[in-house]
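Peer 1: Generate a structure from the sequence data that follows.
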Amino acid sequence: MNDQPLISLIISAYNHETYIEECLESIMNQTYRNIELILYNDGSKDNTHAKILGLQSKLVERFPSFQYINKDNEGISKNFNLGIKKAKGKYIKTFASDDFLFENAIELLVNALENEPNFDIAYADGYYVHAEKKALTEVDLTKCTKFSEKAKYISGNIHDHLYDILPHMSTWTVLFRKECFDKYGLYDENLRCEDMDIYLRFSKECRFLYLDENIAIHRLHDKNAGYMPDIMITSVEQMIEKYTQSNFFIKDVHKQKLERWLIFIKRVLLPLDFSHIDYKNKKVIVWGTGEYCKNNVHLVKEDIEFFIDSNPEKKDTKFMDKLINQPSELLKISTSDVFILVLSTYVDEIFGWLENNGYKLGENYY
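Peer 2: Purely as a prediction, here's the structure:
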C-alpha cells in the first residue's frame, strides 16, 4: 500500500438513509487500498447519521485515514470544498452518497493517470439504474442504460465537446489530480449543480482521459438533483450569466449550446406548455404516438399535419385520424416549413435525431 499514491475520496450525504450503507460498502470493497475517506453528513433530517455511525468502526479499520464530520446543512459544493482543503491525496474523487462504485473503480482510474502523466482528469463508463428501494447489487445491469448511451466520451482537450454532452457527463466516475483544484479553483458554492461548472472550467486547462470501462452506478430516484427543475434550470441560468459577465466563452457557439441545454432542461423537467410557441404558419407535426402522446396531445391547439413514430410497424397506419410516418419523411420537407412537437418519453434520442438533421430547438422543434 505504501507504493500506492494516496487518493482522497470525499462524500457528501444528505437524507440518504436508504442508500448510504450500500454506497460506503462499495467504497470499503475497493481493491485499491490507499484511500483517505472524508465523509460529511450535511445536516440530514433522517437516519443517515445513525447509519454512518453503525459502520464507523469498519470504516476506521478499512482506511488509513478516515474523517467523519456531522454538520449543519451547507450544500454539496461547500462540503466538497471543505474536503478538498483537508485532503492529503495526490488524487481527489468527489462522490454522492446514493451511488455505487465497482470494486476495481479507483484502481483503474488511478493506474490510468499514473501511466498517462499528460492527462489531468480520468473518467469512465457506468450504468443508470432505476432502483429507489432495491439494492444495486441485485439489479440486472444488462437491462440498464449505460452512461455512454447518452453521450459520446472522448479523451484529450474536451472543452468544445463538453458543450454537446454536459448534462450527460459521467460525473460519478471522475478522478482529479489534486493540483487541478490547487491551480484552477474549487467548486462554485453559488451553484447547486456544481459538477457541470467544474468540468467546463477545468477543461479549458486540463486534459481528460476516458476509460472504456464500467466502474460506477448512478441511482435514479425522485430526489436526484438532475430531476429538480429549480436546481437544474437555476444552475444553468447562473452559469450562462456568470460566463457571459466573465468573458468565459471562447466561441459564440458555446453560449448558444448552453442556451439550448437550458431550453432542453425546461422541456424535460417542467410541465408541458406549448402556448408560448410562435409557429409562424408552419405545418405542425407531432413526434410520438404512445401513452405519453395520448395524455398530452390535447395541449396542441394547432391542426396537426401528421404524426411521426420510429416504429416501422406503425408506418402508414393512423393515430387520431392522422397518418403516422417514419422520421425519414421529415427529410423530404424543408426544416423552415415545419414545427415539430415532441410528445414522447424518448426525448434524448429524438432531440438528437432532429439536431443531427438540421432542426434547431425552439426554432424548428420543441
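Peer 1: count of neighbours near residue 26?
Peer 2: Using other C-beta atoms under 10 Å, residue 26 has 20 neighbouring residues. Any C-beta I mention is one placed from the backbone N, CA and C, and that applies to glycine too.
Peer 1: any idea which element it lies in?
Peer 2: Residue 26 is located in helix 20-28, with elements delineated by DSSP states H and E.
Peer 1: Output the longest strand along the chain as PDB, restricted to C-alpha atoms.
Peer 2: Secondary structure of the chain per DSSP state E: the longest strand is strand 208-220. Once non-C-alpha atoms are left out, strand 208-220 reads as follows in PDB (Å, rounded to 0.1, in the frame of the first residue of the first chain):
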ATOM      1  CA  PHE A 208      -9.300  14.400 -19.800                       C
ATOM      2  CA  LEU A 209      -8.600  10.700 -20.200                       C
ATOM      3  CA  TYR A 210     -11.600   8.400 -21.000                       C
ATOM      4  CA  LEU A 211     -11.500   4.700 -19.900                       C
ATOM      5  CA  ASP A 212     -13.900   2.400 -21.800                       C
ATOM      6  CA  GLU A 213     -14.700   0.600 -18.500                       C
ATOM      7  CA  ASN A 214     -17.900   0.300 -16.500                       C
ATOM      8  CA  ILE A 215     -17.000   1.400 -13.000                       C
ATOM      9  CA  ALA A 216     -20.000   3.100 -11.300                       C
ATOM     10  CA  ILE A 217     -23.700   3.000 -10.900                       C
ATOM     11  CA  HIS A 218     -25.800   6.200 -10.700                       C
ATOM     12  CA  ARG A 219     -29.000   5.500  -8.900                       C
ATOM     13  CA  LEU A 220     -32.000   7.300 -10.300                       C
END
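Peer 1: What residues of it count as buried?
Peer 2: Using 16 or more other C-beta atoms under 10 Å as the test for burial, strand 208-220 gives 208, 209, 210, 211, 213, 214, 215, 216, 217, 218, 219, 220.
Peer 1: Looking at these, which is nearest residue 122?
Peer 2: Top of the list for closeness to residue 122, among the buried residues of strand 208-220 and by C-beta to C-beta, is residue 209 at 4.7 Å.
Peer 1: Find the pair from the buried residues of strand 208-220 with maximum spatial separation.
Peer 2: Farthest apart among those by C-beta to C-beta are 209 and 220. That separation is 26.4 Å.
Peer 1: residues in contact with residue 285?
Peer 2: Residue 285 is in contact with 304, 305, 306, 307, 308, 330, 338, 339, 340, 341, counting by C-beta atoms under 8 Å, 6 or more residues apart in numbering.
Peer 1: repeat that with 7 Å
Peer 2: Residue 285 is in contact with 305, 306, 308, 338, 340, counting by C-beta atoms under 7 Å, 6 or more residues apart in numbering.
Peer 1: Ok, residue 270 next?
Peer 2: Contacts for residue 270 (C-beta under 7 Å, 6+ apart) come out as residue 229.
Peer 1: re earlier: can I get the buried residues of strand 208-220 in TSV including distance to residue 55?
Peer 2: Formatted as TSV, the buried residues of strand 208-220 follow (distance: C-beta to C-beta, whole Å):
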residue	distance to residue 55
208	33
209	32
210	32
211	29
213	27
214	25
215	22
216	20
217	19
218	22
219	18
220	24
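Peer 1: how distant is stretch 102-121 from the center of its chain?
Peer 2: 21 Å (C-alpha atoms, centre = their mean, to the nearest Å).
Peer 1: Buried residues in it, which are they?
Peer 2: Buried residues in stretch 102-121, counting neighbours by 16+ other C-beta under 10 Å, are found at 102, 105, 106, 107, 108, 109, 110, 112, 113, 119, 120, 121.
Peer 1: Centre of the chain to stretch 344-359, how far?
Peer 2: For stretch 344-359, the separation from the chain centroid amounts to 18 Å (computed by C-alpha atoms, centre = their mean).
Peer 1: what's it in contact with?
Peer 2: With C-beta under 7 Å, 6+ apart as the test, stretch 344-359 has contacts from 150, 264, 268, 287-288, 290, 292-293, 327, 331, 335, 340, 342, 361, 365.
Peer 1: Surely residue 41 touches residue 48?
Peer 2: Yes. If you go by C-beta atoms under 7 Å, residue 41 and residue 48 touch, sitting 5.5 Å apart.
Peer 1: Can you show me the strands along the stretch 151-300 of the chain?
Peer 2: Using DSSP state E, counting those that start in this stretch, the strands of the stretch 151-300 of the chain run over residues 175-177, 208-220, 283-287.
Peer 1: neighbours around residue 330, how many?
Peer 2: If you count neighbours by other C-beta under 10 Å, residue 330 ends up with 22.
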